[in-house]
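[1] need the 3D shape of this:
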Amino acid sequence: METDEMRNRKNPAEESADDSPGNGLPVIELSWPQGGRQKKRRGKEILHRCMEEMRRGRSSERRGSAFQGLSDCRNWPFSCLRDQARDPARLLRGSEATMAQEKSLILFPLLVLVLLVLGCVQLSLGKESPAMKFERQHMDSGSTSSSNSTYCNQMMKRRNMTQGWCKPVNTFVHEPLADVQAICLQKNITCKNGQSNCYQSSSSMHITDCRLTSGSKYPNCAYRTSQKERHIIVACEGNPYVPVHFDASVEVST
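    Next up, the predicted model:
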């Protein structure tokens, strides 16, 4: 006769059939707070799908939805996920690092472009225009050379015309800048280089000629100073139309 002990003892084949999840699912022993075998089988299937999705490299949002299916059994051990699948947090950190690298690759060329633009702007702001160069090299409205024999030595050095070489000849004009600029509206003549943008002053102007003395060599630039009253000839360009080059001076006709 079959005893109670024999009836209560389960057939090993039945136990194997009950515990096998089927479809190649791994056997995972999990402790359930409540529920029967059907709930246990369902949970294993959800866990298996989660692992498969993570192996396929699904997005973090899809992985999050898979974990939401396990919300009713939060006390399960998840060591199998760490052993058989990639860590979601690590994937998220890797994604953030990749995004940061892509942003840096985009921002770096923009930064280089901005620096180039700023460099060009700085060069353009610091570059001396032809009109400014004319004023630096030829205008000295506030003073005259008088009988000072060292005037040219001082002025040529002060106006940066003895840096790297000794400029052989230069003329300083001791008249108001407005009067010199007005020459561009006066008598039009041909320049020494054949250009047609030169103009001669209608009245004589007080000037000082500076000429390099014979035997003088850089860096010891020595000049001879000569005061004169002459008509001056300047080349004009730009808008406004202003002097940009001192072309020559001519004696006043008697």
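[2] am I right that residue 141 is in a helix?
    No - applying DSSP: H, G, I helix; E, B strand; the rest coil, one finds residue 141 to be coil, outside a helix.
[3] find the nearest non-adjacent residue to it, please.
    Excluding its sequence neighbours, the residue lying closest to residue 141 (C-beta to C-beta, 6 or more residues apart in numbering) is residue 176, at 5.4 Å. Where C-beta positions appear, they are placed from N, C-alpha and C, glycine not excepted.
[4] and residue 155, by the same measure?
    Closest to residue 155 by C-beta to C-beta, 6+ apart is residue 172, at 6.3 Å.
[5] residue 217 now?
    Nearest one to residue 217, counting by C-beta to C-beta, 6+ apart, is residue 166 at 7.1 Å.
[6] for the one you found, the count of nearby residues, please.
    Neighbourhood size, residue 166 [other C-beta atoms under 10 Å]: 18.
[7] again with the one 4 residues further on
    Other residues near residue 170 come to 19 when the count uses other C-beta under 10 Å.
[8] over to the one 4 residues further on?
    Neighbours of residue 174 under the rule other C-beta under 10 Å: 16.
[9] so it touches residue 208, yeah?
    Yes - applying C-beta atoms under 8 Å as the test, residue 174 and residue 208 come out as touching, 6.9 Å apart.
[10] which helix or strand lies directly C-terminal to the helix or strand hosting residue 118?
    Using DSSP states H and E, the element containing residue 118 is helix 88-126. Sequence-wise, the next helix or strand downstream of helix 88-126 (DSSP H and E) is helix 130-138.
[11] average pLDDT across that following helix?
    Mean pLDDT, helix 130-138: 98.
[12] show me what it is in contact with.
    128, 159-161, 170-173, 177, 234, 237-238, 242-246 (C-beta atoms under 8 Å, 6 or more residues apart in numbering).
[13] how about 6 Å then?
    With contact meaning C-beta atoms under 6 Å, 6 or more residues apart in numbering, helix 130-138 is reached by 159, 173, 242, 243, 244, 246.
[14] ok so, going back, tell me which helix or strand the residue nearest to residue 217 sits in.
    Going by DSSP H and E, residue 166 is not part of any helix or strand.
[15] and the gap between it and residue 139?
    Distance, residue 166 to residue 139, by C-beta to C-beta, to the nearest Å: 21 Å.
[16] try residue 193
    Distance, residue 193 to residue 139, using C-beta to C-beta: 22 Å.
[17] give me the more crowded residue out of the two.
    Ranked by neighbour count (other C-beta under 10 Å), residue 193 and residue 139 place residue 139 first, with 18 against 9.
[18] for the more buried one, list each beta-bridge partner.
    residue 173 (DSSP bridges).
[19] where's it relative to residue 234, distance?
    In terms of C-beta to C-beta, residue 139 sits 11 Å off from residue 234.
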